[in-house]
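In: okay, structure incoming, though there's no sequence with it:
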């Protein structure tokens, strides 16, 4: 491709990317302001009806409705009607994507991530200084982004498919005496709850150093049938000393965010009971760097430059792993932490790869 064609292709690509970015921002507004929920509850609505139902200004409601219809997220019953008389509707199937936070098709959290992790002055400064950014620097919604994204995976797949596929782990969780599980980097607790729900005998300790997540987690388990078997702790697994022994320790989509992953894995190794296992799920990256690469790898690198690498650069001697943690990197971390074996498990998933660590 000559320089002119290459130039024009890049201009077109960035133009389309700008449109997609604005789509995400529009979805974020609809999600945060409850506009999709109001449309789902009311059915076809004018801008005034939506504004009244959602408690927003009519003129803003009308512009948002028109943008959403123009981009194909909403439908409009009569485009020729006067602006104030047009009725907009949430098409069949779109409600699941935008509203059902337990569905594997839920994707509104992607829009939330685009806003929460949008580059700010602090990130620009971090690029210059080499310092990291803690999750608190991304605002009060940061801890909810990953929780909303992963909750459907935990509720549908963790106890129903993934753990049963690891036969030795599954058998121990179902056996007596009741097993103890430590869910490291548990976030808002959905993984801990899913494990306890799938295995009625086990007790689960959710551990996370993010105070906002640990404040949220007890609210999610409150009133459920597993409330008595799940507890949460605000602790740094890299520093903590645990008197307890656990039959299973899990880390779901978090090791690459940790600034001291080897220290965390070393602590976890000391937490294991005899015959205990460590299960890690992290991004299903390519085996090696490629450019250009797949859409999934592009997504991972996007998250990495905005949030995951900054998280992994916090503190002295930070590992700075980033989202694109390849299998060889995890094996190296595990070996340095004293594990004798790392198996990549034959669990198929589009986004995650699963590892089982053994102390020998």
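Out: That came through fine. Just so you know, these numbers come straight off a predicted model, no measurement behind them.
In: tell me the average confidence for stretch 120-136?
Out: Mean pLDDT, computed over stretch 120-136, is 93.
In: ignore what I typed, I meant stretch 69-82.
Out: On average, stretch 69-82 scores 96.
In: just stretch 310-324 next, same as before
Out: 97.
In: show residues contacting that stretch.
Out: 123, 126, 130-135, 255-262, 283, 285, 297, 300-301, 303-304, 308-309, 329, 333 (Cβ atoms under 8 Å, 6 or more residues apart in numbering). (Glycine included, C-beta is placed from N, CA and C.)
In: are any of these buried, and if so which?
Out: 123, 126, 132-133, 135, 255-262, 283, 285, 297, 300-301, 303-304, 308-309, 329, 333 (16 or more other Cβ atoms under 10 Å).
In: go through the chain and flag its longest helix.
Out: helix 3-32 (DSSP state H).
In: among the buried ones among the contacts of stretch 310-324, which ones are in strands?
Out: residue 283 (DSSP state E).
In: the buried ones among the contacts of stretch 310-324 in helices, which ones?
Out: 123, 126, 261-262, 297, 300-301, 303, 309, 329, 333.
In: export these to CSV and tack on distance to residue 185?
Out: CSV is the format used below for these (distance: Cβ to Cβ, whole Å):
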residue, distance to residue 185
123, 22
126, 21
261, 11
262, 15
297, 23
300, 18
301, 21
303, 16
309, 17
329, 17
333, 14
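In: and the longest helix of the chain, which residues are buried?
Out: Under the neighbour-count rule (16+ other Cβ under 10 Å), helix 3-32 has 23-24, 26-31 buried.
In: with pLDDT and distance to residue 350 added, can I get those residues in a markdown table?
Out: A markdown table is the format used below for these (pLDDT from 0 to 100; distance: Cβ to Cβ, whole Å):
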| residue | pLDDT | distance to residue 350 |
| --- | --- | --- |
| 23 | 98 | 22 |
| 24 | 97 | 20 |
| 26 | 98 | 26 |
| 27 | 98 | 21 |
| 28 | 97 | 24 |
| 29 | 98 | 28 |
| 30 | 98 | 26 |
| 31 | 98 | 23 |
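In: gap between the two ends of stretch 345-352?
Out: 11 Å (Cα to Cα, to the nearest Å).
In: for residue 255, see how far away the spatially most central residue of the chain is.
Out: Central residue of the chain (Cα atoms, centre = their mean): residue 146, 2.8 Å from the mean position. From residue 146 across to residue 255, the span is 13 Å (Cβ to Cβ, to the nearest Å).
In: so how far is stretch 314-330 off the chain centroid?
Out: Distance, stretch centre to chain centre, for stretch 314-330: 18 Å (Cα atoms, centre = their mean, to the nearest Å).
In: ok, now stretch 306-319?
Out: 17 Å.
In: okay, how far is it across that stretch, tip to tip?
Out: Counting by Cα to Cα, you get 16 Å between the two ends of stretch 306-319.
In: buried stuff in it?
Out: Buried, per 16+ other Cβ under 10 Å, within stretch 306-319: 306-314, 318-319.
In: can you give me the domain assignment for the chain?
Out: The record's domain split for the chain, according to automatic domain parsing, is 3-99, 116-358.
In: adding distance to residue 109, write the ones you listed out as a markdown table.
Out: Shown next, in a markdown table, are the domains of the chain (distance: least, Cβ to Cβ, whole Å):
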| stretch | distance to residue 109 |
| --- | --- |
| domain 3-99 | 8 |
| domain 116-358 | 4 |
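In: any idea which of these is most buried?
Out: Among these, domain 116-358 has the highest mean neighbour count (mean count of other Cβ atoms under 10 Å), at a mean of 18.
In: would you mind measuring the gap between the ends of that one?
Out: Span of domain 116-358 from end to end, Cα to Cα: 37 Å.
In: just how off-centre is that domain within its chain?
Out: The answer for domain 116-358 is 10 Å, by Cα atoms, centre = their mean.
In: surely residue 338 touches residue 359?
Out: Yes. At 7.2 Å, residue 338 counts as touching residue 359 under the criterion of Cβ atoms under 8 Å.
In: quick one: low-confidence residue ranges for this protein.
Out: 240 (pLDDT under 70).
In: residue ranges of the strands in the protein, please?
Out: Going by DSSP E, the chain shows strands at 75-76, 88-89, 180-184, 203-208, 230-234, 246-252, 272-283, 341-344, 352-358.
In: what sits up against the fifth one?
Out: Contacts of strand 230-234 from elsewhere in the structure, counted by Cβ under 8 Å, 6+ apart, are 186, 189, 192-193, 196, 203-211, 214, 217-218, 221.
In: tilt between it and strand 203-208?
Out: 20 degrees (axes from the mean of the first three to the mean of the last three Cα atoms, to 10 degrees).
In: adjacent strands (with direction) for strand 230-234?
Out: strand 203-208 (parallel) (DSSP bridges).
In: what residues does the strand it pairs with touch?
Out: In contact with strand 203-208 (Cβ under 8 Å, 6+ apart) are residues 178-187, 189, 191-193, 195-196, 214, 217, 226, 229-235, 237, 240, 244, 246.
In: same thing with stretch 8-20?
Out: Residues from elsewhere that reach stretch 8-20 (Cβ under 8 Å, 6+ apart): 1, 71.
In: tell me the contacts of the closest residue to residue 273 other than its chain neighbours?
Out: With Cβ to Cβ, 6 or more residues apart in numbering as the criterion, residue 273 has its nearest non-adjacent residue at 3.9 Å, and that residue is residue 245. By Cβ under 8 Å, 6+ apart, the contact list for residue 245 reads 180, 271-273, 276.
In: right, I'll call it a day here.
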